[in-house]
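*Asks:* the amino acid sequence is not available; the structure is as follows:
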């Protein structure tokens, strides 16, 4: 924030905790003023409200909005947000952890100043990530003491992780056309099977619209059986998540689901898909859900 000259942040309340906790910390230190953009009924960012926030202040602003939500899967229109930021001279950062390796990017034509990515989201090594900084941005090193990472962060580089990241990204890019069709078909098959076999099942977010093809956020009526759903699935060797995997086991539940669904009588389970999954696994999961619920 210091290097960018920004005294204000615009974000949303459904960002990953990597962003929300950082924004809250800066706000608590009184280093910045924070505004939160409103959400539409389907969980998408309200772009009209975002423009109103940008137009309503002359403060230099950083906008931080994720490209795809890690829990409900909603996709942000990067181009539209970037154009708004350009119009109002704001800096634009997007958490693209869920989309790098899953969607094509042309950063020369996309008006974004920073994006972040992580290798394990496209079957690369855990602990290796990337930060893209637009060539028109100048910031100072985060950690001083060496010339690593193009003089931006001192410390011995994780060469194995970097090479693994690059190779995994190459494979993901090469196979994107095939993989996204295959994985998207699995998601839709799971959705159809749930609707056919599980009474009163629901879905969070814009499931059949602008959404990740790798994530399906599902909700069930809250009962004694459904509240133990994750544990019972786990006992049958089926891995799912109660909202965000990053908060598994946390008693407070998902901050994202609280913002997009105001019904306390629903239990949310997130199912995630990859090219290594199959319809057979989905069929087994549906049978398990029928037995549990």
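*Replies:* Yes, it's here. Remember, predicted model here, so these are calculated numbers, not experimental data.

*Asks:* next SSE downstream of the worst-scoring helix or strand of the chain on mean pLDDT?
*Replies:* Within the chain, confidence by mean pLDDT, DSSP states H and E is lowest for helix 148-151 among all helices and strands, at a mean of 85. For helix 148-151, the following helix or strand on the C-terminal side (DSSP states H and E) is helix 159-174.

*Asks:* quick one: the helix or strand that comes right after that following helix to helix 159-174, angle?
*Replies:* Heading C-terminal from helix 159-174, the first helix or strand you meet, by DSSP H and E, is helix 176-197. Interaxial angle, helix 176-197 versus helix 159-174 (axes from the mean of the first three to the mean of the last three Cα atoms, to 10 degrees): 80 degrees.

*Asks:* show me what helix 176-197 is packed against.
*Replies:* The contact analysis (3 or more Cβ pairs under 8 Å, 6 or more residues apart in numbering; DSSP states H and E) places helix 176-197 against strand 215-221, helix 279-292. Heads up, the C-betas are built off the backbone N, CA and C, glycines and all.

*Asks:* now for the ones you listed, which one comes closest to residue 262?
*Replies:* Residue 262 sits nearest to strand 215-221 of all these, at 12.0 Å, using Cβ to Cβ.

*Asks:* list the buried ones in the closest one?
*Replies:* 215-221 (16 or more other Cβ atoms under 10 Å).

*Asks:* same check, this time on stretch 116-128
*Replies:* 116-122, 124-125, 128.

*Asks:* out of those residues, list just those in strands.
*Replies:* 116-118 (DSSP state E).

*Asks:* was I right about residue 62 contacting residue 93?
*Replies:* Yes: Residue 62 is in contact with residue 93 according to Cβ atoms under 8 Å; the separation is 6.4 Å.

*Asks:* picking up where we left off before, export the buried residues of strand 215-221 to TSV and tack on pLDDT and distance to residue 135?
*Replies:* Formatted as TSV, the buried residues of strand 215-221 follow (pLDDT from 0 to 100; distance: Cβ to Cβ, whole Å):
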residue	pLDDT	distance to residue 135
215	96	32
216	97	38
217	96	37
218	96	42
219	93	44
220	94	48
221	92	52
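
*Asks:* can you give me the helices for the chain?
*Replies:* For the chain, helices defined by DSSP state H occupy the ranges 17-28, 47-55, 78-87, 148-151, 159-174, 176-197, 229-235, 255-260, 279-292.

*Asks:* other residues contacting the last one?
*Replies:* Which is helix 279-292. 186, 189-190, 193-194, 197-198, 225, 228-229, 232-233, 236, 238, 271 (Cβ atoms under 8 Å, 6 or more residues apart in numbering).

*Asks:* now do the second one
*Replies:* The list of residues contacting helix 47-55 from outside it, by Cβ under 8 Å, 6+ apart, reads 10, 35, 37-38, 61, 63, 77, 80-81, 84-85, 87-88, 90.

*Asks:* could you list the low-confidence segments of the stretch 101-250 of the chain?
*Replies:* 243-250 (pLDDT under 70).

*Asks:* and residue 134, how close does it get to residue 183?
*Replies:* Residue 134 is 30 Å from residue 183, where distance means Cβ to Cβ, to the nearest Å.

*Asks:* for residue 138, see how far away residue 162 is.
*Replies:* Taking Cβ to Cβ, one finds residue 162 at 24 Å from residue 138.
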